[in-house]
Structures are given as C-alpha cells and as structure tokens.
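Engineer: Below: sequence and its predicted model.
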Amino acid sequence: MATLLGYSVGLFLLVPLADLLENRKLIVRMLGCAAVSAIAAAFAPSAALLLVILFILGAACSAIHILVPVAASMVPPEQRGRVIGDVMGGLMIGIVLSRPLASIITDAFGWRAFYGVSAFALAILTLTLAARLPKRQPVASSNYPTLIASLWHLLRTEPVLRRRALTASLTMAAFSLFWTAVALRLMQSPFEFDQSEIALFALVGAAGAAATPLVGRAGDLGWTRSGTIASHLLMVGAFGLTGWAGSSHVTTPLLSLLLMGVGAVLLDIGVVGDHNLGRRAINLLRPEALGRLNGLFVGLFFLGGAIGAAAAGIAWTAGGWIAVCLIGVACGIAALLVDWIGGIT
C-alpha cells in the first residue's frame, strides 16, 4: 500500500514536471532515487522506516510515465500508437511478471533479497537511459505551483482526456477486481491452489499484455473507436466466461481452470487495449502538456484500480465469485456506455 500511495503521489506531483524540466535528466534522477530507495528498503531496520522508504520508492518509480511522452515526441503522429504500444507493452508485461518473480525470489532468499535485485535492475536501467535516452526540453513559461494548478483546468477543458480517463479507470477497476479475487477463488474447490500455484496462474496474464504493441498499431491505422469498443466487449465476455468457469456448472476441474485462464487472457487484452488506445489519444492533444496529461490519465487509471481492489473484498464477502464477476461485467458495460454516449475517439 505504501508503494502504491507513493506511486500515485508521483503521478500527480512529479510526472507533471516533464512539462517544466528537461526530461532525460528528470527521468535519470528519479530512477537513481528509486535505486537508492530499493537498497535502503533491503536494509531497513524497522517496519516504520520501511514504509517511508517504500513510499519514496513508489513515487520515484512513476518516472516510467515520463518515458511515454518522450517516446511519443520522437515520432510523427501517425506512428505514435506503435511507439506507445511498445513502451506500454514492456510496462504491462513487467506488471504481470512482477508478482510471480517477487514470490520466487522471496521464497528462495527472503523479502530483503527482492529489493536487492530491484536495486540492481534499477541501477542498470538508470545508467542505460542516461547514456541512450535523447534530451527533451519542454517549452515551459510557468512555475511549479502554476503547473500543478493547471491539472484541474486540463481535466475540465479536454473532453477526450475525461472520456479516456473514465474508461481507463473502469477497465483498471475490473482488472484489479479480477486479480484480487481470483486468488481467493483458486484457493477453493475444485482448484485448491497454494500460493506458488496461484503465482503460476498469474503468468497467463503475460499473454494478454503481449498484445499491447498490436493494439497501438491498430490505433495508427484509424481503428481507435472500433478497437476501444472491442476491448470493452472482451472485458464483458471475459467476466461472463470466468463467472461460468468458476461456478458449479462446470464439473471438470481441468476444463474450469482452462476457461478461467482464457478469460484472464481476454480480460488483460481488453484492459491493455483500452489503456493503450487511450494513451495514444491523449498524447495527440497538447504537445506542451504531455507530462500533465499522462500524469492525470495514469493517476485516474490507478485510482480506478484501487477502487476495484477494494470492491473485490466487499463483493467476495457479499456474494462470492459470482458477485465479483457481475461487478466486472458492470464495469465493461459502463465503459461501453461511455463509448456510445461520449462518441469515444
């Protein structure tokens, strides 16, 4: 929780600095801070200090979302979907693989070793980007307080940002809802998985994340609206399939598990499809405000994820797996309504 809270603060308060400061220097400094924080976490002497360090680590890791406008600014508009898709593909695969990787390292060497490995990876990444990332100097005439105050103005005046952030929040809520509750379902009959088996099941999400670059290319071909609608339909279908697979109507455990896996992949494709097409759309809006646009979009995206994670516990307690899937279907239908009423582009 501390890491995600720091990440959220970074999205709203640090990522907008991309519109004020030279981007390569900003990214390198933030990632350097993340590497130092990870080392400190590995040697934290108390739980209270660990929470503070993890908050700082989360905030510094929001640097990844400054890389998106940097990449988008390097290519013409007709190629931005492909480039953003490549960057977001790496991000989504990293998110999907992080949980099982953390479980494996922690199980073998302890939780401190995980932060040691993270620090090493962050240090390598920092040095690589310092040497290879091109400079991007934003055209900015304001100061930091004015920059942060302008976030509300951007949200109020940019309808594309509002619509895309709303559907992104709904899809991330569905994503968090599923991956929070599915562990509880897999522990029950007929699966009765332990933690390591649940971690292996989570790897199926990588197949969905691998579709991210393809979605970006679809946006470049002019299929943004149709691709967005297809993504939301996939979400609805995925929750319908996993709801059926997790019910008592499927009596064969292997078939039930296969259907759950297919549903998980379809859900992840739907989520990354909406997110990637949304990122492409907002990166075509205002070149001078790319940092703030991306910070707002992703901040609201993760806010939806937090709501979905909280809803998972409530739904599971109230109605079990079926209640979870019904809420997921409702998120997908709500996103489709935004497509229809708002004329999503």
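Structural biologist: Sure thing, it's come through.

Engineer: quick one: L31 and S247, what's the gap?
Structural biologist: According to Cβ to Cβ, to the nearest Å, L31 and S247 sit 45 Å apart. To be clear about C-beta, it is placed using only N, CA and C from the backbone, and glycine gets the same treatment.

Engineer: Tell me which of those two has more neighbours.
Structural biologist: Neighbour count, other Cβ atoms under 10 Å: between L31 and S247, L31 has more, with 24 against 13.

Engineer: That one contacts L67, doesn't it?
Structural biologist: No. If you go by Cβ atoms under 8 Å, L31 and L67 don't touch, sitting 9.9 Å apart.

Engineer: How far away from the center of its chain is stretch 294-305?
Structural biologist: Taking Cα atoms, centre = their mean, to the nearest Å, one finds stretch 294-305 lying 9 Å from the centre of the chain it belongs to.

Engineer: Offset the numbering so it begins at 59, please.
Structural biologist: Sure, I'll start counting at 59 from here, so that last one is stretch 352-363.

Engineer: ok, and what's touching it?
Structural biologist: Contact with stretch 352-363 is made by 62, 65-66, 69-70, 72-74, 76, 120, 123-124, 126-127, 209, 212-213, 219, 222-224, 226-231, 233-234, 333, 336-337, 340-341, as judged by Cβ atoms under 8 Å, 6 or more residues apart in numbering.

Engineer: For PyMOL, what selects the buried ones among the residues you listed?
Structural biologist: The following PyMOL line selects those of the contacts of stretch 352-363 that are buried, judged by 16 or more other Cβ atoms under 10 Å:
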select buried, resi 65+66+69+70+72+73+74+76+120+123+124+126+127+209+212+213+219+222+223+224+226+227+228+229+230+231+233+234+333+336+337+340+341
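
Engineer: In helices only, show me the contacts of stretch 352-363.
Structural biologist: In helices, judged by DSSP state H, the following of the contacts of stretch 352-363 are found: 62, 65-66, 69-70, 123-124, 126-127, 209, 212-213, 219, 222-224, 226-231, 233-234, 333, 336-337, 340.

Engineer: So, low pLDDT: which residues of this protein?
Structural biologist: Residue ranges of the chain with pLDDT under 70: 199, 263-264, 270-271, 274, 401-403.
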